[in-house]
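Q: Compute the structure for the input listed below.
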Amino acid sequence: YHWNFYDAYNNSTEVKLAAKNNEVSIYPANNLEKYLKLSKQIHQNEDNKRLKEIHGSLPNILEDLLSLQTKLGNWDDMPKVLNVLSLPASFDFDLGLSNWEKATAIALAVIRQHSEYFSLLCESHDRALTFIKDHRIISKARDAL
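A: Here you go, the predicted model:
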């Protein structure tokens with residue numbers, strides 16, 4: 001049975017990547033992290049391609065909305081979010097929130113309304129969720145939409 005381990009090890013993405021560089025994937029120690037990261041990137045790209053084959057690409061409105069998400073994960077440009085969603089500039093659902101909080105809540109509400117694409121949207125959703133202190137804000141945004 002020990003050959004099963006070696007077969008799996010030798011067929012791993014990490015070992016194959018290291019071999020292309022005439023290196024060993026686990027020696028020196030920093031190689032392990034290096035090749036694990038590269039392998040993760042490759043597998044994420046493959047997963048994204050597979051998801052796009054299954055679901056197709058996102059509708060333009062969702063692509064445009066995601067393009068407005070900051071690197072941190074929230075949405076901070078309320079006028080642009082409203083424009084992408086074809087909502088009037090006067091749209092407001094909670095006067096006590098800052099514009100970035102409202103923009104983030106609206107974006108999350110829209111993402112949740114497109115559950116058929118959730119596998120493609122879940123990372124953006126989860127990053128934005130860390131900015132929401134009270135989840136009822138998203139419900140308010142949804143009800144206002």
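Q: Pull the number of nearby residues for residue 65.
A: Counted with other CB atoms under 10 Å, the neighbours of residue 65 add up to 24. All C-beta spots, glycine's among them, are computed from the backbone N, C-alpha and C.
Q: which residues touch it?
A: Contacts were defined as CB atoms under 8 Å, 6 or more residues apart in numbering; by that measure residue 65 touches 75, 81, 84, 85, 107, 110, 111.
Q: and the gap between the last one and residue 121?
A: So the one you mean is residue 111. As for residue 111, its distance to residue 121 is 5 Å (criterion: CB to CB, to the nearest Å).
Q: again, but for residue 143
A: Using CB to CB, one obtains 20 Å as the distance from residue 143 to residue 121.
Q: Those two: which is more packed in?
A: Counted by other CB under 10 Å, residue 143 and residue 121 do not tie: residue 121 has more neighbours, with 21 against 9.
Q: I figured residue 79 hits residue 89, correct?
A: Yes - using CB atoms under 8 Å, residue 79 makes contact with residue 89 at a distance of 6.4 Å.
Q: distance of the residue minimising distance to the centre of the chain from residue 8?
A: With distances taken as CA atoms, centre = their mean, the residue of the chain nearest its centroid is residue 123 (2.6 Å). As judged by CB to CB, residue 123 and residue 8 stand 28 Å apart.
Q: what does residue 130 give?
A: Applying CB to CB, one obtains 36 Å for the distance of residue 130 from residue 8.
Q: Could you do residue 70 as well?
A: Between residue 70 and residue 8 the distance, using CB to CB, works out to 40 Å.
Q: between those two, who's got more neighbours?
A: When residue 70 and residue 8 are compared for neighbours, residue 70 comes out ahead with 15 against 10, by other CB under 10 Å.
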